[in-house]
Every structure is written in structure tokens, then in C-alpha cells.
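Chemist: got a sequence here, can you build the structure:
(one chain, ligands or ions: 2)
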Amino acid sequence: MRDAPCILAIESSCDDTGVAVIRGRQVLSNVVAGQEVHEQFGGVVPELASRAHAQHIVPTVQQALKDAGVSPEELSAVAYTQGPGLMGSLHVGAAFAKSWAWANELPLVPVHHMHAHILAHYLAPGDAPSLPFLCLTVSGGHTQLVRVEGPREMEVLGSTLDDAAGEAFDKVAKLLGLPYPGGPILDRLSSDGDEHAFEFSHPKVAGLDMSFSGLKTQVLYFLQRSQAENPNFISERLADIAASVQRVIVEILMRKLEAAVSSTGIKEVAIAGGVSANRALRKALEHRQNEMGWKVHIPPMAYCTDNAAMIAMAGSLLFQSGVVGSISDAPDPRLPF
Ligand code: KG4
Ligand code: ZN
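Modeler: Ligands and ions are numbered 1, 2, ... in the order given. Prediction:
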């Protein structure tokens with residue numbers, strides 16, 4: 001294992017500063033410095049996010065090296081998130097990674113954030129998926145069905161036409177007066193609710209594409225009608241509303257995933273991204289493993305939401321296949337998939 005590449009990675013695409021060190025598939029450290037400053041604003045404020053990254057980046061790198069017990073001389077390369085994400089946030093991580101790699105005479109590996117969510121499945125201790133596999137990537141900014149043939153060979157089979165699944169959770173939570181990010185809160189509330197209490201309709205979208213913006217509007221009108229009859233409707237039925245909304249989001253995702261399995265014949269299936277932490281989605285996938293003979297890959301909780309271990313894993317796979325970046329690679333908020 002000593003010969004396996006040892007990678008330090010920096011993730012700063014949104015509001016969390018993540019730094020990790022891995023050797024081979026083993027995570028030696030995975031530090032995430034969160035940013036509570038955004039909660040009061042109901043979403044991430046880009047300027048505040050970049051400022052917080054600038055404050056956190058040096059102590060987070062020091063902590064990750066200390067936790068891993070690794071010195072810079074033992075590293076093989078430095079990986080960082082090149083995009084997509086918020087420009088100011090990406091810039092802090094990329095600029096730091098470049099100067100730190102240069103100072104320590106280490107190669108640089110730029111990584112695509114969504115590829116990294118998918119490649120997190122190669123981190124120990126899980127069984128790495130065998131190729132090709134299908135991955136439903138569901139985060140706050142993306143919702144995609146991806147056919148994965150290799151660390152760089154990925155094809156998007158379908159994606160959301162408007163809001164991402166995480167955005168749907170967050171926007172509904174906001175309508176219910178809950179803080180950002182609302183996804184994990186709706187997940188928790190749902191466990192005390194009746195998922196069949198209220199019916200919301202599915203959007204009609206052809207093929208493997210999806211849509212979530214209509215759901216937010218449906219919930220908005222539903223809440224307005226219900227509150228006109230009972231001003232305490234939200235507080236009295238919060239868990240039932242959360243469970244019913246969660247059910248429809250999970251149903252939309254699972255139907256498209258089932259359609260992707262039938263059209264490709266690939267039964268090796270993974271989920272990735274922040275929303276893959278959702279307990280109902282994880283349960284629905286486990287159910288398909290038993291009922292439909294899929295081989296499913298569900299990431300450990302620590303690798304669902306944004307983290308640098310996934311950037312390190314993607315960086316390691318790319319580095320081993322000969323990819324090395326340069327100081328002139330610019331961070332790209334819309335880095336193409
Ligand atoms: O991947 P991620 O950490 O950041 C992006 O790249 O966007 O995903 C964040 C998203 C947020 O929308 C958050 O509400 C959602 O993932 N999320 C969840 C859960 N945990 C995080 N949504 C539903 N249930 C959860 N348990
Ligand atoms: Zn993400």
C-alpha cells in the first residue's frame with residue numbers, strides 16, 4: 001500500500017472548506033470546515049463563502065496533514081476542485097492548491113466536482129463498483145443520470161431541466177419557514193410523518209430527463225390554500241408535509257433510475273451527491289437490490305455531501321491514468337461535464 005499514490009485534496013466549490021489526505025483507497029484524514037454564516041440568509045451568499053474559505057483554508061490544510069500523520073514530502077500530488085461551483089469559492093481553493101503544490105514541488109490534478117461525487121464510490125471500505133455502472137447524482141446544483149465507463153469516461157443519459165433535487169428539498173423547506181439547507185431537516189421531520197398524507201403530482205417529462213420546479217409551485221399553492229382554511233396548518237402538519245414531499249421527490253428519481261436500468265441493461269447502480277444522504281432514497285435503492293436484483297452502491301454518509309476525500313479519490317484515479325494539470329488551469333464555475 002506504501003506505493004499507492006498519496007494525495008492531498010482541496011474542495012471549495014460552495015460553502016464548505018474541505019481538505020483530505022488519502023493513500024490508495026484509504027482515507028487518512030477528511031476535514032470539513034462548515035460555514036454557519038449562511039443559515040440566516042436562506043441560501044449560500046457567495047461573497048461570504050469566499051471570505052470564509054480564505055479564513056479556513058490554511059488551518060484546514062494543517063489539520064488534515066496532522067490528522068493523517070503525513071508530511072508534504074510523502075505526497076504524490078495535490079488535487080483540487082476546478083469546477084463547477086461558485087467562482088470566488090473555487091478561486092480560493094485553486095489559488096491555494098497551485099501555490100502550495102508549487103512550493104512543495106508537487107504535481108497538480110484539477111478535478112470536476114460532479115465526477116468526484118461519483119468516484120467517491122472507489123474510497124474504502126465499500127466494494128468499488130464494477131464498470132460500467134449507472135450513477136444517479138443528486139446534489140444542490142445537479143441532478144443527473146450518468147453512465148460511468150471509467151474515471152474520465154462518463155456520459156450523461158438524462159438530467160433535470162430546471163431545479164436540482166436538492167434545490168427542490170431546500171426550496172420547499174424555505175416555504176415551510178425552515179433554515180438552509182432544508183434537505184436534511186425535511187429528511188429528519190419525515191420520520192414522524194405520514195408520507196401518504198398529501199398527494200403531489202409527478203411532472204410529465206419524456207425520456208430520462210427530470211423536472212422539479214413544478215413541485216415547488218404545487219407545494220406553494222397547496223400551502224396557501226391550506227393556510228387560508230387553517231392558519232396553523234404548517235405547524236400542525238409539518239411532519240406529514242415533509243414526508244409527502246420527500247415521497248414524491250424519491251419516486252420521481254427512482255422511476256427515472258428504473259427507466260435507465262431498463263434502457264441500458266446495466267444493473268450495477270450507485271447514488272451520489274448530497275441528496276444520497278436521504279434515508280428514504282437510500283431505502284428505496286436497497287429495496288431494488290432485493291426485489292430487482294440490482295447491485296447497489298450507497299455512499300457512507302461522510303462522502304455524500306461535499307467533502308475533499310472524494311476530490312482526492314478522483315485526483316488519485318486521474319493521476320494514475322497520467323493526468324497532470326498546470327498552473328494556468330483556471331477555475332471554471334460552469335466546467336463542462
Ligand atoms: O453535494 P452537496 O453537498 O453540495 C452540492 O454540490 O450541491 O449537496 C447539497 C444538497 C442540499 O440541497 C441539501 O439540502 C441536500 O444536498 N441534502 C439532502 C440531505 N442531505 C443533504 N437532501 C435530502 N435529504 C438529506 N438527508
Ligand atoms: Zn457537491
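Chemist: got a list of what the residue most central in space within the chain touches?
Modeler: For the chain, the residue nearest the mean C-alpha position is Gly273 (2.4 Å; CA atoms, centre = their mean). Gly273 makes contact with 114, 117, 137-139, 142, 166, 304 under the criterion CB atoms under 8 Å, 6 or more residues apart in numbering. (C-beta placed from N, C-alpha, C; glycine too.)
Chemist: in strands only, show me those.
Modeler: 137-138 (DSSP state E).
Chemist: quick one: mean pLDDT over the top helix by length along the chain.
Modeler: If you go by DSSP state H, the chain has its longest helix at helix 233-264. Helix 233-264 carries an average pLDDT of 98.
Chemist: take stretch 9-20, keep the C-alpha atoms, and write them as PDB.
Modeler: Coordinates of each C-alpha in stretch 9-20 appear next as PDB, following Å, rounded to 0.1, in the frame of the first residue of the first chain:
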ATOM      1  CA  ALA A   9      -7.100  17.400  -1.900                       C
ATOM      2  CA  ILE A  10      -8.900  20.700  -1.500                       C
ATOM      3  CA  GLU A  11     -12.600  21.100  -2.100                       C
ATOM      4  CA  SER A  12     -14.000  24.700  -2.000                       C
ATOM      5  CA  SER A  13     -16.800  24.700  -4.600                       C
ATOM      6  CA  CYS A  14     -19.600  26.000  -2.400                       C
ATOM      7  CA  ASP A  15     -19.800  26.800   1.300                       C
ATOM      8  CA  ASP A  16     -17.600  24.100   3.000                       C
ATOM      9  CA  THR A  17     -13.800  24.100   3.000                       C
ATOM     10  CA  GLY A  18     -12.700  20.500   2.800                       C
ATOM     11  CA  VAL A  19      -9.200  19.100   2.900                       C
ATOM     12  CA  ALA A  20      -8.400  15.400   2.800                       C
END
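Chemist: is that stretch in proximity to ligand 2?
Modeler: No - on the criterion CB under 5 Å from the ion, stretch 9-20 is out of touch with ligand 2, staying 6.6 Å away.
Chemist: and after the longest helix of the chain, which helix or strand comes next?
Modeler: Elements were assigned by DSSP states H and E; along the chain past helix 233-264, the next helix or strand is strand 268-272.
Chemist: what's the angle between that following strand and helix 233-264?
Modeler: Angle of strand 268-272 versus helix 233-264, following axes from the mean of the first three to the mean of the last three CA atoms, to 10 degrees, is 150 degrees.
Chemist: could you report the pLDDT at Gly34?
Modeler: 85.
Chemist: quick check: residues of the chain near ligand 1?
Modeler: Counting by CB under 6 Å from any ligand atom, the residues of the chain close to ligand 1 are 14, 139-141, 166, 169-170, 181-184, 187, 273-275, 277-278, 305-306.
Chemist: kindly recompute the last result at 8 Å.
Modeler: Contact residues, the chain versus ligand 1 (CB under 8 Å from any ligand atom): 13-14, 16, 85, 113-114, 117, 138-142, 164-167, 169-170, 173, 180-184, 186-188, 246, 273-275, 277-279, 281, 304-306.
Chemist: type out the PyMOL command that picks the buried ones from those.
Modeler: Buried subset of these, written as a PyMOL selection, criterion 16 or more other CB atoms under 10 Å:
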select buried, resi 13+14+16+85+113+114+117+138+139+140+141+142+164+165+166+167+169+170+173+180+181+182+183+184+186+187+246+273+274+275+277+278+281+304+305+306
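Chemist: among the residues of the chain next to ligand 1, which are in helices?
Modeler: Per DSSP H, the residues of the chain next to ligand 1 map to helices at 113-114, 117, 165-167, 169-170, 173, 182-184, 186-188, 246, 279, 281.
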